[in-house]
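# Give the three-dimensional model of this entry:
(chains A and B)
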Amino acid sequence: MATASLPANRLDLTFAALADPTRRAILQRLMAGEATVMELARPFALSQPAISKHLKVLERAGLISRGRNAQRRPARLETRPLAEANRWIEGYRAHWEGTYQRLDTLLEELKNEEVELGRIHFQGDAS
Amino acid sequence: MKTVGSLHVTLPSEREIALTRIFTAPRHLVYRAYTEPDLVRRWAAGPPGWRFAVCEIDLRVGGAWRWVLEGPGGERMGLGGVYREIVPNERLVSTERFDEAWYEGEALSRVTFSEERGETRLTVTVRYDSEAIRDAVLQSPMAEGMAHGLDQLESALKEL
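Numbers count the residues shown, from 1 in each chain, chains lettered A, B, ... in the order given. Model prediction:
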């Protein structure tokens, strides 16, 4: 298809990296500033090797970079791939958001109808 | 965290697209909006200007659903499938295929409804036959195909 002209591999890596809840939580933590493996391991109750493994996946996807200091190697967030991934699905998201806003309207009407029906039912019971 | 009104799109695997959305309504109403043709007609027709010409739902396992949408210029787009699994107010699993196969093969759609404190979390996961098809769907949302009409879509496909 004509749409294959995207940086598909890069996006695949980005989305695969984002598919894991721990990795998303790590990224969220890094939004507050860079952190070392040790600093990341503590709040997540994970071993340092487990954190290192997640960081490797994130680094390969370009979502983080690691400092050069051999001892600490702090991880920091790289925002460009995230922005790219967002842009890619934005059109799709916008289409469905528009559709679901119509569903919001319909649901409000249905809720009101139920309230009305309940009132009629209640009055019927009372009489 | 208040998430009403914000739609999350994720790609849980190479062949899937998942949508998550919270609605401020009990789930039996969201389920009705998904399964009663008269209600489906009122929200699901796609971009403004499009409407349902046909909306049929045979709500039982093995039963078919069929939609025909009509655009502002009279252009038509048909799609449909077969229900594979039905758990009232909880889960709908069905196949999905477009008449003018603008993507190959058949997709499998799984819709789940879960209620928390009077709000409903809707999750729609669609699995396509391949990663390439999934990506094509994601990049040329139905909105685009419908907004430009099928003629333009067809000529675009011929150029590939």
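# Relative to chain B, which residue of chain A is the closest?
Taking Cβ to the nearest Cβ, chain B has its nearest neighbour within chain A at A:His95, 3.5 Å off. No exception for glycine: its C-beta is placed from N, CA and C like everyone else's.
# Remind me what the strand or helix carrying that residue packs against, helices and strands.
Using DSSP states H and E, A:His95 sits within helix A:80-126. Using 3 or more Cβ pairs under 8 Å, 6 or more residues apart in numbering or on different chains; DSSP states H and E, the elements in contact with helix A:80-126 are helix A:8-18, strand B:8-10, strand B:16-23, helix B:27-35, helix B:131-139, helix B:142-158.
# weakest of those by average pLDDT?
Set side by side, the helices and strands packed on helix A:80-126 give their lowest mean pLDDT on helix B:142-158, at a mean of 41.
# and the longest strand for chain B?
strand B:76-87 (DSSP state E).
# so where's chain A shaky on pLDDT?
Residues of chain A that meet the criterion pLDDT under 70 lie in A:1-10, A:88, A:121-127.
# if we can go back for a sec, quick check: the residue of chain A closest to chain B vs B:Arg121, distance?
According to Cβ to Cβ, to the nearest Å, A:His95 stands 20 Å off from B:Arg121.
# can you give me the angle the helix holding A:His95 makes with helix B:27-35?
Computed by axes from the mean of the first three to the mean of the last three Cα atoms, to 10 degrees, the angle separating helix A:80-126 from helix B:27-35 equals 110 degrees.
# between helix A:80-126 and helix A:8-18, how many degrees?
Using the same axes, to 10 degrees: helix A:80-126 against helix A:8-18 is 50 degrees.
# Just confirm B:His119 contacts B:Phe23, I think it does.
Rather than His, residue B:119 is Glu. Yes - judged on Cβ atoms under 8 Å, B:Glu119 makes contact with B:Phe23 at a distance of 6.7 Å.
# Who has more neighbours out of those two?
B:Phe23 (23 against 17; other Cβ atoms under 10 Å in any protein chain shown).
# What sits closest to A:Lys111 if chain neighbours are left out?
Leaving aside its chain neighbours, A:Lys111 sits nearest to B:Ala25 (5.7 Å; criterion: Cβ to Cβ, 6 or more residues apart in numbering or on different chains).
# Correct me if wrong: the one you found contacts A:Asn112.
No - here B:Ala25 lies out of contact with A:Asn112, judged by Cβ under 8 Å, at a distance of 10.7 Å.
# the more surrounded of these two?
Ranked by neighbour count (other Cβ under 10 Å), B:Ala25 and A:Asn112 place B:Ala25 first, with 22 against 10.
# tell me the secondary structure for the more buried one?
Recorded secondary structure, B:Ala25: coil (DSSP: H, G, I helix; E, B strand; the rest coil).
# about what we covered before: compare A:His95 and B:Arg121 (neighbour count), which wins?
A:His95 (19 against 16).
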